[in-house]
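[1] got a sequence here, can you model it:
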Amino acid sequence: MTFSEARDQGLHKSVILSNACNYIGQLLNRIYGNDLDPRKGTILTVLHTLGRNQARAVGRQLAAGITATSATYGCCTKELLTLVLKNPHELLMESDKRWLSLTILLARNSFEFREIFGENAILEAANIENSYKNANLCKFLVFFAYDAWGRAKLRETGLLTKILRRLDETNDLDEREIIVTALRHFIHDTIGMGFLCRHSIFTTIALKHLGQYLQNKSYMCTTETKTEEDLLGSLDCVTSGVMVSVEDSSGVSSERLYKEYSRIPEPVSPSCNWSPSMSSYSNSLSPSPSSTSDDLCSLNWAGGLDSDDSTPRPSMDDRFTLNHLSFGANRKPTKEEQAIAGEMFILSWLSHEEANHKYLINKEIVSALVGYISRAPTLDLKAARSLKRLARSRACIHQLLEIHFHTIVVHYLLRQPCTLFRNAKPCERCDKRREYGIEVLREFSTHIDSEFGWSYLSQSLKSADEFKRLSGCVAGLILLRSGHHRKRFMQMYEPLEEIWKYLTNVLLNKNAFEEDGLSTKPAMSCQILVSLSILISSFPALREDHDSVSAAFLIGEDPDKCYVASLEEGETSLKFINKKGMLLAAVPKARCCALSEYFRGMFGSEFLETVQNRQNFAFDPASEECEESDFTSFLHFLSGCRSKKCFNVSSTKTCVAMLYLADKYLCTELSEHLLHPSKGVVRRLLNGTNLHEFLPVCLNISRIDQKLGKMCMRTMLQYSTDEQLTKTLETLVGDARGVQLFVGFLKEFVDRYALAWMS
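    I've put the predicted structure just below:
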């Protein structure tokens, strides 16, 4: 039976079991140089067919056959290497291209086939100038990274650098995935991993690819707003946020709520901790473990935070698979996802070695890891765990503080967009990433909230540079959790006074505000407000929602009746007309005076309007600061109309207008109607997007500023993105009175939390 017949009959397994490729190798070594031999083409076809299904076995048998007929370096091996070393445009014959493809296939799958080329292949390739431009050669060479001797030779000859350069320049995702998969084997080469880390070549390439991937494949969370039924069921609840505990002390109120990331890790039994099946993977040369018992308690092994609780932990055989990712049951990862996961795998393995931390802890790498965890469609557990190892690095506390590690984690991992949207339904995906961010922050806080970490923090607080002092203030508010360190922090350095002074100076000067936004990302003003949000989230029992505005939601005598249209004959009314002389509404005078202290005072005393029995009033849009339709709705409310047809506040613009009118005309019922804690319109409409429209109302009205002010301050601190915070602050820039009122409101709002925070 010929080889062609074996192929046609699908007897691949039988051919392999008969050791046929060994004899093919012997034959091939004798006839390869003879292009006229017809058997050469048949052998190529058979090897291609068998290689697609049994590449490893074919490579092993073929290598044995070739070496059996060659004393040293066989003729066939030399010819195949010549094809590999040639530039692709020099391969004119189709048969040469097929032999090259077969050589690369077998080199990838069989270490015996790679060994017949030996170190000579690597040495010859090292002598070729611009070898990184040859895609086939780079793919062939990178497969030698599978073997210990190959990794050493690639590193010693400088070919590893050329392969990395090829990885950087290629846009072919298949080629990128092949190179990265091979480079993952350098985890077995301590010197090679040190080279990848210390020379920053690989990390630069990985960050570049990660940025491109996130730019196109970032997961955009779709925020779902709670329905009216959801909102009526309970008062507005703020996500408890980053929670840092304080030390227990006598006399502390039982109502104190502790910050989440101080939670003591769940205990792990000694037998479990020392069990080989439960022990973590780590570099044998690393003095620091790859994980702690806290990891085992907080994260699922196989799919990260996106996996089911029943998912089993991967075995050692899964080290080079993508089992640490969760792509869904019916979807395989793309080549780009595999390449990115491979690069993150190498970065994760580098983090096992504590000596590498000083090279890995920089703003670019940490920001990229946080961005990958936060924005990637699936959570890569290995990348997440590497971030946690960096947070544990006691020897690099000063570096973590310098790059503002806590700020990066809080702004880009904890503050997920859907968690900052008021009245948004819970999002399981974002909540899990937020929870993991809290765990990472807890690890870092453990080092800072100690005498060792305090020494580094105090250096920033004592600095003559204002930016460093403010950075220290932000770090202290976020990371300190023990009572004595908090008291020491507040009494010795007065961080809040430093913050109020900075905010005032920045908001009063337009140039300073613009410089603040350009000097750091996020802006220092945003960092300050976010640190304050963490402080107030520690004590949700002090929320303004507990301050009842009204016992019941206001409903008219007849909710469907329009009192303007049904004015009784002979009933005294106040008529409001526009500039064109057209009647807007005729409001019953009695009702108008009952709901408005402004009109009640006007007609209840001997003012000119009472003496002259004035009944007509002209509407001026400029003085009323609202549109005609909004003023008409206000008149209906004064008349007692409560139907949506007469009085409907459904937009921010209308709500702001009603707040102004309620303040101007001293209509307490309207202000209470709008600011009701559970059913009020402001509670439903106010969010980070329109805060810049509500804040001026808060700063300018005279009667309801305390109630609305608390809502605005909490919305600013807990429901606003960095972009929304910047837009809100822009409305205050250059306004001395507005800045003074704003800082005063913010100080008053934060002070009661600060007192509880220090206790």
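
[2] which stretches in the stretch 1-150 of the chain count as helices?
    3-8, 12-17, 20-31, 39-68, 75-85, 94-109, 111-115, 118-126, 135-142, 148-157 (DSSP state H, counting those that start in this stretch).

[3] how about the secondary structure of residue 581?
    coil (DSSP: H, G, I helix; E, B strand; the rest coil).

[4] give me the domain ranges for the protein.
    As recorded under the TED database, the domains making up the chain are 10-182+194-217, 335-540, 560-642.

[5] tell me who's in contact with the closest residue to residue 97 other than its chain neighbours.
    In this structure, residue 97 finds its nearest non-sequential neighbour in residue 91, 5.2 Å apart by CB to CB, 6 or more residues apart in numbering. The C-beta positions use only the backbone N, C-alpha and C, and glycine is treated the same way. Each residue near residue 91 by CB atoms under 8 Å, 6 or more residues apart in numbering is listed here: 83, 97, 100.

[6] any idea how far residue 131 is from residue 91?
    Per CB to CB, to the nearest Å, residue 91 is found 16 Å from residue 131.

[7] one more: residue 443?
    For residue 443, the distance to residue 131 - CB to CB - is 44 Å.

[8] equivalent analysis for residue 491, please.
    In terms of CB to CB, residue 491 sits 65 Å off from residue 131.

[9] same question for residue 445.
    With CB to CB as the criterion, residue 445 and residue 131 are 49 Å apart.

[10] and for residue 206?
    Taken as CB to CB, the span from residue 206 to residue 131 is 22 Å.

[11] again with residue 167
    14 Å.

[12] who has more neighbours, those two?
    A count of neighbours by other CB atoms under 10 Å puts residue 167 above the other of residue 167 and residue 131, at 25 against 21.

[13] so which helix or strand takes in the more buried one?
    Residue 167 belongs to helix 159-169 when assigned by DSSP states H and E.

[14] send the alpha carbons of the following helix or strand past that helix over as PDB?
    Next along the chain after helix 159-169, taking DSSP H and E as the criterion, comes helix 173-183. What follows is helix 173-183, C-alpha atoms only, in PDB (Å, rounded to 0.1, in the frame of the first residue of the first chain):
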ATOM      1  CA  LEU A 173      -2.500  38.300  15.100                       C
ATOM      2  CA  ASP A 174      -1.700  34.700  14.300                       C
ATOM      3  CA  GLU A 175       2.000  35.400  14.400                       C
ATOM      4  CA  ARG A 176       1.700  37.500  17.600                       C
ATOM      5  CA  GLU A 177      -0.100  34.600  19.300                       C
ATOM      6  CA  ILE A 178       2.500  32.100  18.200                       C
ATOM      7  CA  ILE A 179       5.400  34.200  19.500                       C
ATOM      8  CA  VAL A 180       3.700  35.000  22.800                       C
ATOM      9  CA  THR A 181       2.800  31.400  23.400                       C
ATOM     10  CA  ALA A 182       6.400  30.400  23.000                       C
ATOM     11  CA  LEU A 183       7.700  33.200  25.200                       C
END
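
[15] which residues touch whichever helix or strand comes after helix 173-183?
    Toward the C-terminal end, the helix or strand that comes next after helix 173-183 (DSSP H and E) is helix 190-198. Helix 190-198 is contacted from outside by 151-152, 155, 160, 183, 186-187, 202-203, 283, 285, 346, 349-350, 353, 356, 359-360, using CB under 8 Å, 6+ apart.

[16] residue 44 reaches residue 102, doesn't it?
    Yes: the pair residue 44 / residue 102 is scored as a contact, 6.9 Å apart, by CB atoms under 8 Å.

[17] by mean pLDDT, flag the weakest helix or strand of the protein.
    helix 270-273 (a mean of 37; mean pLDDT, DSSP states H and E).

[18] any regions of the stretch 1-150 of the chain where pLDDT drops low?
    Along the stretch 1-150 of the chain, segments meeting pLDDT under 70 span 1-11, 32-37, 69-75, 92.

[19] that's a strand at residue 574, yeah?
    Yes: under three-state DSSP, residue 574 sits within a strand.

[20] ok, it touching residue 590?
    No: between residue 574 and residue 590 there is no contact under CB under 8 Å: 10.1 Å.

[21] these two: who's more crowded?
    When residue 574 and residue 590 are compared for neighbours, residue 574 comes out ahead with 23 against 12, by other CB under 10 Å.

[22] for residue 683, give its distance to residue 694.
    12 Å.

[23] anything in contact with each of those two?
    residue 711.

[24] who has more neighbours out of those two?
    Shown here are residue 683 and residue 694; by other CB under 10 Å, residue 694 has more neighbours (23 against 20).

[25] out of residue 44 and residue 102, which sits in the busier spot?
    Under the criterion of other CB under 10 Å, the comparison of residue 44 against residue 102 puts residue 102 first, with 20 against 16.

[26] who's in contact with that one?
    44, 47-48, 51.

[27] dump those residues to CSV, plus distance to residue 597.
    Formatted as CSV, those follow (distance: CB to CB, whole Å):
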residue, distance to residue 597
44, 98
47, 97
48, 93
51, 92
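
[28] can you give the contact residues for stretch 112-129?
    Under CB under 8 Å, 6+ apart, the answer for stretch 112-129 is 59-60, 62-64, 66-67, 73-74, 77, 81, 84-85, 106-107, 131, 134, 137, 140-141, 143-144, 146-147, 149-150, 153-154, 157-159.

[29] endpoints of that stretch, how far apart?
    28 Å (CA to CA, to the nearest Å).

[30] same question, stretch 677-685
    Using CA to CA, first and last residues of stretch 677-685 are 12 Å apart.

[31] next, the buried residues of that stretch.
    Residues 677-678, 680-685 are the ones in stretch 677-685 that count as buried (16 or more other CB atoms under 10 Å).
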